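Asks: what shape does this take:
(2 chains)
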Number of protein chains: 2
Amino acid sequence: MNERANSLAGIMTPAVLIDLDKVERNIKRLQDYADQHGLKVRPHIKTHKLPQIAAMQLKAGAVGVTCQKVSEAEAMVAATPEIRDVLITYNIIGAEKLDRLAALAKKVDLSVVADNETVIDGLRKRFVSEAKPLPVFVECNTGANRCGIATPEEAAILAETVAKSPGLTFAGLMTYPPPNGTANVQAFMVRAKALLEAKNIPVPAVTSGGTPSMMMAGEAPVTTEYRAGTYVYNDRSLVERGACGWDDCALTVLATVVSVPADNRAIIDAGSKTLTSDLLGLVGYGHVLNRPDISIDQLSEEHGRLSTLGPINLRVGDLIRIVPNHACVVTNMVDKVQVITGGHVLGAWHVCARGCIT
Amino acid sequence: MNERANSLAGIMTPAVLIDLDKVERNIKRLQDYADQHGLKVRPHIKTHKLPQIAAMQLKAGAVGVTCQKVSEAEAMVAATPEIRDVLITYNIIGAEKLDRLAALAKKVDLSVVADNETVIDGLRKRFVSEAKPLPVFVECNTGANRCGIATPEEAAILAETVAKSPGLTFAGLMTYPPPNGTANVQAFMVRAKALLEAKNIPVPAVTSGGTPSMMMAGEAPVTTEYRAGTYVYNDRSLVERGACGWDDCALTVLATVVSVPADNRAIIDAGSKTLTSDLLGLVGYGHVLNRPDISIDQLSEEHGRLSTLGPINLRVGDLIRIVPNHACVVTNMVDKVQVITGGHVLGAWHVCARGCIT
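Replies: Numbers count the residues shown, from 1 in each chain, chains lettered A, B, ... in the order given. Next up, the predicted model:
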């Protein structure tokens, strides 16, 4: 009975499994690289949303964590005494969010980003009466074409606005680069930094991020700090890009075959409510471990369809493990994950920052 | 202050809004059609996952509800005294799920489906000692190529197995057809029914489903009961298929513009953690109400990118409303929805069956 309780057969499916030994190894890999290149590490908690893993990252040498939304930072700070330093890489807008931000700034060393004057204006008005000024990074667009100031010249102007705003301090420059955007980061940041230093505005930090290019972060030596999220689990998108191997994937989805309606088709109990529809440019919705011949070619909410060219050789009741296309979004689908160490099931951990969208 | 509290401006974004007046109208539309065609309605709760809306559907004339997973049925039954009859349209496997199924069968009239002998065997072994036998539908594949028995002949054989199993009763035939699969449903079910009746096995019900073809359900007169989910909210996929108009879409996502980094680009605070990556064959991730010129061309977890050919004419802080590609999956992303009636915000409802994947 105990044997069953500690084995995968004792877990109700679908379930998200986290292999802690692989997590530990993945954390060490980035930290070692960063240490060699004089970079600070500030992991993005979006991938795991777990206090236990944030604590492991900090213990390994991370200087703080990255969160994307105020509510996400609140959940992580409340659950993780080890977290003393948080960067929220988001433009924060609105009275209620600003009030919550101010409350959070009393609990930890907090910084945020801004890429426009409306956001800076809101931050300034809310923080001008606070005892501690709020450090604000200026977000720069180095090619991902999401948020971010378009040119080093405009970034320098916005940084000056921050530096002159009572209630705020200028914390530095931030970017979320495109994959392999290291050269862009270097060129943009060096130029913006020079413009600011010419105005006697020091740039205390340059923070870049993203797992796909993390092992090239050192090729943009202007960078002082690196934010990565997915590296802690890895996923199919990173394997397919050559960033890691299947054995480095710490998050897998355990699913049960519920139907084998044809020789070359099987249905599992994990659909888009577990694996999500994120494709990230790939074909199919995940990789079935040890079965490279299977493609997960269709998802509905609670059904995943497995197809093969030859016979599928699966029986109703069989368990399979899937490396999802994108680990971070899978974490966000579940209230708990099943944690494995040394090949045994340790138990379930509550995903404390799941669903924090505001 | 009260004005603000009752208006959209008082809601933290991103948020999922439900227009109850449209919900009421959508429920009436299907119920009226079903009444005219002598069909019973059994709504799929996956779209709303809300006891309040299940109660509205039952009050309008639904005979019961459909759920997809045991945990989903448990959550809905626990929260909704009006629910007395539940069909779980899923192959249930595993000791723990079967025990929970048996417990649920003591609370409501419960039925399930099966498309293979392994599942029937598990149900039989668990229910043989129960006081009340479990009604089991046989799931048939009428072209969706998901679960389901491939031919009427095989369906009749499996139905006979159910009918002869102590602890179970044969409840009828079930299918989830492909869009516009009405003719397939009619042909398959008439044939399977005739085969069974020739063996003196009555077919108490034939249940079909799906919102895209619900207004054609009457064209498969063998059908006795219809399961639809998305109709209660509608979404962009249904508008694009001509099944309804934008004004029939009861679920919208309220988002704030957080950045306008270029003349033809804006970023909103709703990403794949709210809108999801479900495409359903469409281009882009949703429809911005009153702005058909905008395409939502990229999502990351917390960022949605809006692009236009001409100037985007949005400012940081602007609110927009989005009809998502797929309403059901958006419901599953949030702990609460904001309910609107008569143009005013009524308040937040807890999404009680969110995340029920087992």
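
Asks: what's the burial count for A:R321?
Replies: By other Cβ atoms under 10 Å in any protein chain shown, 17 other residues sit near A:R321. The way it works is simple: take the backbone N, C-alpha and C, and place the C-beta from them, glycine included.

Asks: please identify which helix or strand holds it.
Replies: Assigned by DSSP states H and E, A:R321 belongs to strand A:319-323.

Asks: that strand vs chain B: in contact?
Replies: No. Counting by Cβ under 8 Å from any Cβ of the partner chain, chain B has no neighbours in strand A:319-323; the shortest distance is 10.3 Å.

Asks: quick one: average confidence on that strand?
Replies: Mean pLDDT, strand A:319-323: 98.

Asks: which other helices and strands does that strand contact?
Replies: Strand A:319-323 makes packing contacts with strand A:251-262, strand A:287-288 when contacts are defined by 3 or more Cβ pairs under 8 Å, 6 or more residues apart in numbering or on different chains; DSSP states H and E.

Asks: show me the one of those that comes nearest chain B.
Replies: strand A:251-262 (4.2 Å; Cβ to the nearest Cβ).

Asks: how near is the residue nearest to the spatial centre of chain A to A:K40?
Replies: By Cα atoms, centre = their mean, chain A has its centre lying nearest to A:G229, at 3.1 Å. Taking Cβ to Cβ, to the nearest Å as the measure, A:G229 falls 16 Å from A:K40.

Asks: got it, and A:E197?
Replies: Counting by Cβ to Cβ - A:E197 and A:K40 are separated by 20 Å.

Asks: which residues touch stretch A:208-224?
Replies: The contact list for stretch A:208-224, computed with Cβ atoms under 8 Å, 6 or more residues apart in numbering or on different chains, reads A:30, A:33-34, A:36-37, A:39-40, A:44, A:66, A:89, A:142, A:172, A:174-177, A:179-183, A:185-186, A:189-190, A:193, A:205-207, A:225-231, A:234, A:238, A:241, A:243.

Asks: over to stretch A:66-81?
Replies: With Cβ under 8 Å, 6+ apart as the test, stretch A:66-81 has contacts from A:42-46, A:49, A:51, A:54-55, A:65, A:83, A:86-90, A:92, A:97, A:100-101, A:104, A:107-108, A:110, A:209, A:227, A:229, A:352-353, A:356-358, B:301-302.

Asks: repeat that for stretch A:313-322.
Replies: A:8-9, A:13, A:17, A:252-260, A:266, A:268, A:270, A:275, A:286-289, A:291, A:296, A:306, B:91, B:93, B:116, B:118-119.

Asks: from these, which would you call buried?
Replies: For those, a neighbour count by 16 or more other Cβ atoms under 10 Å in any protein chain shown gives the buried set as A:8, A:13, A:17, A:252-260, A:266, A:268, A:270, A:275, A:286-288, A:291, A:296, A:306, B:91, B:93, B:116, B:118-119.

Asks: re the thing from before, let's have the helices and strands packed on strand A:319-323 in TSV, adding distance to B:L346 and mean pLDDT.
Replies: Output for those, formatted as TSV (distance: least, Cβ to Cβ, whole Å; pLDDT from 0 to 100):
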stretch	distance to B:L346	mean pLDDT
strand A:251-262	37	98
strand A:287-288	45	98
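
Asks: reformat those strands as CSV; add distance to chain B.
Replies: Shown next, in CSV, are the helices and strands packed on strand A:319-323 (distance: least, Cβ to the nearest Cβ, whole Å):
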stretch, distance to chain B
strand A:251-262, 4
strand A:287-288, 18
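
Asks: what does the stretch 201-350 of chain A have sitting close to chain B?
Replies: Residues of the stretch 201-350 of chain A lying close to chain B by Cβ under 8 Å from any Cβ are A:256, A:258-262, A:265, A:267, A:269-270, A:272-274, A:276-279, A:298, A:300-303, A:305, A:315-317, A:328-329, A:332-335.

Asks: so which of those are in helices?
Replies: A:328-329 (DSSP state H).

Asks: ok, the residue nearest to the centre of chain A touching A:P43?
Replies: Yes. Using Cβ atoms under 8 Å, A:G229 is in contact with A:P43, at 6.6 Å.

Asks: mind listing the helices for chain A?
Replies: According to DSSP H, the helices that chain A contains are A:2-5, A:20-36, A:51-59, A:70-79, A:95-105, A:117-127, A:152-164, A:182-198, A:236-240, A:327-331.

Asks: out of those helices, which gets nearest to A:G347?
Replies: helix A:2-5 (9.5 Å; Cβ to Cβ).

Asks: give the buried residues for stretch A:275-294.
Replies: Result for stretch A:275-294 [16+ other Cβ under 10 Å]: buried residues A:275-278, A:284-288, A:291, A:294.

Asks: reformat those residues as TSV; add distance to B:A75.
Replies: Listed next are the buried residues of stretch A:275-294 as TSV, based on distance: Cβ to Cβ, whole Å:
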residue	distance to B:A75
A:L275	21
A:T276	21
A:S277	23
A:D278	26
A:G284	31
A:Y285	26
A:G286	26
A:H287	31
A:V288	30
A:R291	33
A:I294	32
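
Asks: got the residues of the stretch 1-150 of chain A near chain B?
Replies: Proximity of the stretch 1-150 of chain A to chain B (Cβ under 8 Å from any Cβ) is limited to residues A:12-15, A:46, A:68-69, A:90-91, A:93-94, A:96-97, A:115-116, A:118-119, A:141, A:145-150.

Asks: returning to what we had before: tell me which of A:E197 and A:K40 has more neighbours.
Replies: Using other Cβ under 10 Å, the more surrounded residue of A:E197 and A:K40 is A:K40, with 17 against 12.

Asks: and that one, what does it touch?
Replies: Neighbours of A:K40 in contact, by Cβ under 8 Å, 6+ apart: A:34, A:62-63, A:224-226.

Asks: break chain A down into its domains, please.
Replies: Here the domain parsing of chain A from automatic domain parsing is A:2-15+A:237-350, A:21-233.

Asks: against B:G122, how distant is the closest residue to A:C67 other than its chain neighbours?
Replies: Nearest residue to A:C67, sequence neighbours excluded (Cβ to Cβ, 6 or more residues apart in numbering or on different chains): A:A73, at 4.0 Å. For A:A73, the distance to B:G122 (Cβ to Cβ) stands at 45 Å.

Asks: show me which of these two is the more surrounded one.
Replies: Neighbour comparison, A:A73 and B:G122: the larger count goes to A:A73, with 28 against 21 (by other Cβ under 10 Å).

Asks: please report how far that one lies from A:W246.
Replies: To A:W246, A:A73 is 33 Å away according to Cβ to Cβ.

Asks: nearest to chain B among the contacts of A:K40?
Replies: A:Y226 (18.1 Å).

Asks: so the closest one makes contact with A:T207?
Replies: Yes. The criterion here is Cβ under 8 Å, and A:Y226 meets it with A:T207 at 7.2 Å.
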